[in-house]
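Participant: show me the folded form of this:
(chains A and B)
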2 protein chains.
Amino acid sequence: MKIEAVDFFYLSMPVVTDAGDGSQDALVVRVVAGGQVGWGECEASPLVSIAAYVCPMSHGACRPVRDSVLGQDLSSPDDIARIAADLELNSMDLLQTAHTFSGIEMAMWDVLARSQGRPVWQVLGYDRAFPKTPYASMLFGDDPAETLSQARAAVAAGFRAIKCGWGPFGRGSLAADADQLHAAREGLGPDGILLVDAGQIWREDVEAAALRLPVLEQVRTTWLEEPFLAHAYEAYGALAGRSRIALAGGEGAHNVFMARHLIDYGKPGYVQIDCGRIGGIGPAKKVADYAAARGVTYVNHTFTSHLALSASLQPYAGLQHHEICEYPIAPKAVASDLSDGHLLPDANGQIVLPDAPGLGIAASPEGMRPYLVDVEIRAKGRTLYETPAL
Amino acid sequence: MKIEAVDFFYLSMPVVTDAGDGSQDALVVRVVAGGQVGWGECEASPLVSIAAYVCPMSHGACRPVRDSVLGQDLSSPDDIARIAADLELNSMDLLQTAHTFSGIEMAMWDVLARSQGRPVWQVLGYDRAFPKTPYASMLFGDDPAETLSQARAAVAAGFRAIKCGWGPFGRGSLAADADQLHAAREGLGPDGILLVDAGQIWREDVEAAALRLPVLEQVRTTWLEEPFLAHAYEAYGALAGRSRIALAGGEGAHNVFMARHLIDYGKPGYVQIDCGRIGGIGPAKKVADYAAARGVTYVNHTFTSHLALSASLQPYAGLQHHEICEYPIAPKAVASDLSDGHLLPDANGQIVLPDAPGLGIAASPEGMRPYLVDVEIRAKGRTLYETPAL
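Facilitator: Residues are numbered from 1 along each chain as shown, chains lettered A, B, ... in the order given. You can find the predicted model right below:
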């Protein structure tokens, strides 16, 4: 199979706010090879990722992503790895490359697995997709009362685990953070799994993060996520050495090295990979193997659609004891409408990847259409991109 | 001073080839604050960096670069650092951010220093700008004869140091590489400083790189640059432990962490920073301080214009013993025409940053005009960018 077409569809809610809610827009990718259609999704900033696909070449090591993809053979996982390796050198100096390629790479796996009539996780070498325990991923409320009611709603919806993050957390006093954390625990009940996401708020300030450790411990937090900037491995390592609570991080990794370095130097208990950023499913699988070999638990990072959710679960589907998964509890309509299929909790409240071919999620061109953003990019007298027909 | 305007000018040669020559296009940035005009230059892929400035917001941590810059106060170096820190969180999920911001940041230093009537290196805290020994930066010839004649031409032009890189190097046999290296040494003569740039060709393959060590030693190479991918710190460290030749790297660093980690884990003798990628002059200065404190020699990475060259020399202008500098010997016309001023070797063949205010290089709108690329980016019914008047 040759890759015949790669098309990008920028979808957006009519209004995008500055909330830390990654489901407000989406960049969906459609790949066609050998007549087979596959779908993927890039994180984030659709316009910039489109530009990295179509931009004029700057020099031999700064080529548009397209140049390494279109017309390539796609007949085995080795082809996907070969294309990714070519891209690494061909687009070395184009920083956005990994985000653009991630959605293409997912779609390539979808195409390949569909052509074999197998789910992606089987093509990755797993015999079985184990059930994962979803946590409801939500923003902290503006005040503790809102956090309390959100946590209660998640429990009422059947979740045994919740993650609260962003919002006011870490931006005010220690007492304000403590009130938020107690509200989250109260809403979740004594037995639930409580996860806390600091959204990089302390940058590299280990002491500021350490101040919160006692209350995080008091409310029995399972992990403290992203206390620091994505590359601040030393800060992670220093806090990990002082904390009885496991650290989590890695969503910012845009290649396998970054995830490996976080594991090696930052000593997190959990590594969270966004398949829409790290270059897709192949690199994410490498991180899962690396983490598993070192006693670090792999978790997906997904705050968008169920297409992205399925892609993000594939790399660790077969790792039985890596059982938590992020599950966007209240995505915006664009994220939920862009696929027909959804990964709903089973009778035990768990998420199991389907046995259906490919990613097992049917993208919905009809569902996407109302959100399709008109884009036109022109340079050097040529139209480089125009929103294609859906 | 408030930042009133930020404009991007995409310049390009009429034909861009796949040679590893970064001077074939340029993204020049003009910043106006308090009526003062400053200039900078971003590396690389102009269209994508423009898109990152104007793109619609995806969510609160994925905002266009513009949102953290326009209207901000610019009255001291602290303001520049504050804007950069805000951007780090506001555009956390927009990967291209660092490349876009780098040119803006240079221009902010230019504005600030011009408003104080001082060169940037003084505002950075240096008393003096020490002379640097330029090396002529060139691509390996297609065959050893071409490399030989290029090296001779550089010596004839007064250079005591040359760097050969990319081209066929590392792509063929060990014998072919040896022939190239001997040709370079022969052309340079016995006393010149010979630097070799592998352009990441061995990815993480320490053995492939180590195979070349004996011949690199035989021709008395001062440094072996970028044997591996930018994030492959462990491969750097492993090769450094086996090599009597110093390693060099760091041009791919798009934040201070990456440069620090290369130094800490990769054990290079030289760290090479591109001010057009790492976020500008401020972060580059932090790397220079970090390197100097650890006995690692700082070097600029510059393969474009003299505007970028001046910006790249400022961060280590006052470090007397860090005396080598990269000097593009044969930039394409677009790179040389975009400024009026140029940094020419003095009577000793050395490069000294001028005492003139700001970056000390006058951007030339007239020189740029013939290379100006027409760009238009439209999305959501609005024109987000149109090439502005020069």
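Participant: going forward, measure contacts and count neighbours with C-alpha atoms only.
Facilitator: OK.
Participant: how about low-confidence regions in chain A?
Facilitator: The model of chain A has no residue with pLDDT under 70.
Participant: not counting sequence-adjacent ones, nearest residue to the residue nearest the centre of it?
Facilitator: Here the mean C-alpha position of chain A is nearest to the C-alpha of A:Asp274 (C-alpha atoms, centre = their mean), at a distance of 2.9 Å. For A:Asp274, the nearest residue in space outside its immediate sequence neighbours is A:His301; the separation is 4.6 Å by C-alpha to C-alpha, 6 or more residues apart in numbering or on different chains.
Participant: next one: A:Pro144
Facilitator: Nearest to A:Pro144 is A:Gln180, by C-alpha to C-alpha, 6+ apart, at 4.7 Å.
Participant: surely the one you found is in a helix?
Facilitator: Yes - the assignment for A:Gln180 is a helix, going by DSSP: H, G, I helix; E, B strand; the rest coil.
Participant: from chain B, how far out is it?
Facilitator: To chain B, A:Gln180 is 20 Å away according to C-alpha to the nearest C-alpha, to the nearest Å.
Participant: which residues does that residue contact?
Facilitator: By C-alpha atoms under 8 Å, 6 or more residues apart in numbering or on different chains, the contact list for A:Gln180 reads A:Phe140, A:Asp143, A:Pro144, A:Thr147, A:Phe169.
Participant: and these as a markdown table, adding neighbour count and secondary structure?
Facilitator: Rendered in a markdown table, the data for these read as follows (neighbours: other C-alpha atoms under 10 Å in any protein chain shown; DSSP: H, G, I helix; E, B strand; the rest coil):
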| residue | neighbour count | secondary structure |
| --- | --- | --- |
| A:Phe140 | 25 | coil |
| A:Asp143 | 16 | coil |
| A:Pro144 | 19 | helix |
| A:Thr147 | 25 | helix |
| A:Phe169 | 25 | coil |
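Participant: now those residues as TSV including distance to B:Leu188?
Facilitator: Formatted as TSV, the entries for these read as follows, by distance: C-alpha to C-alpha, whole Å:
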residue	distance to B:Leu188
A:Phe140	64
A:Asp143	69
A:Pro144	71
A:Thr147	69
A:Phe169	60
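Participant: would you mark the buried spots in stretch A:156-165?
Facilitator: Buried positions in stretch A:156-165, judged by neighbour count with 16 or more other C-alpha atoms under 10 Å in any protein chain shown: A:Gly158, A:Phe159, A:Arg160, A:Ala161, A:Ile162, A:Lys163, A:Cys164, A:Gly165.
Participant: and stretch A:68-84, by the same measure?
Facilitator: Using 16+ other C-alpha under 10 Å as the test for burial, stretch A:68-84 gives A:Ser68, A:Val69, A:Leu70, A:Gln72, A:Asp73, A:Leu74, A:Ser75, A:Ile80, A:Ile83, A:Ala84.
Participant: report the longest helix in chain A, please.
Facilitator: Among the elements of type helix in chain A, defined by DSSP state H, the one spanning the most residues is helix A:97-116.
Participant: tell me the helix or strand right after that one.
Facilitator: On the C-terminal side of helix A:97-116, the nearest following helix or strand under DSSP states H and E is helix A:120-123.
Participant: and that next one, what does it pack onto?
Facilitator: On a contact count with 3 or more C-alpha pairs under 8 Å, 6 or more residues apart in numbering or on different chains; DSSP states H and E, helix A:120-123 meets helix A:97-116.
Participant: run the contact check for the helix it packs on versus chain B.
Facilitator: Yes - figure legend: helix A:97-116 in contact with chain B (C-alpha under 8 Å from any C-alpha of the partner chain); contacting residues A:His99.
Participant: and A:Arg63, its phi and psi?
Facilitator: Summarising the backbone geometry of A:Arg63 under the convention degrees, to the nearest 10, its torsions are phi -100, psi 160.
Participant: how about it, nearest residue that isn't a chain neighbour?
Facilitator: A:Met57 (4.4 Å).
Participant: what's the answer for A:Thr221, then?
Facilitator: The spatially closest residue to A:Thr221, leaving aside those adjacent along the chain, is A:Leu194, at 5.1 Å (C-alpha to C-alpha, 6+ apart).
Participant: A:Gly250 now?
Facilitator: With sequence-adjacent residues excluded and distances taken as C-alpha to C-alpha, 6+ apart, A:Gly250 is closest to A:Gln272, at 4.9 Å.
Participant: what is the burial count for that neighbour?
Facilitator: A count of nearby residues for A:Gln272, using other C-alpha atoms under 10 Å in any protein chain shown, gives 27.
Participant: pull the CA atoms of whatever helix or strand it lives in into PDB?
Facilitator: In this assignment (DSSP H and E), A:Gln272 forms part of strand A:270-273. This file holds the C-alpha atoms of strand A:270-273, laid out as PDB (Å, rounded to 0.1, in the frame of the first residue of the first chain):
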ATOM      1  CA  TYR A 270       3.600   7.200  36.600                       C
ATOM      2  CA  VAL A 271       4.500   8.300  33.100                       C
ATOM      3  CA  GLN A 272       1.700   9.900  31.100                       C
ATOM      4  CA  ILE A 273       2.000   9.900  27.300                       C
END
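Participant: for it, which outside residues touch it?
Facilitator: The contact list for strand A:270-273 (C-alpha under 8 Å, 6+ apart) reads A:223, A:246-253, A:259, A:263, A:284, A:291, A:296-301, A:312.
Participant: now, which of those lie within helices?
Facilitator: When DSSP H defines the helices, the subset of the contacts of strand A:270-273 inside them is A:Ala259, A:Ala284, A:Ala291, A:Ser312.
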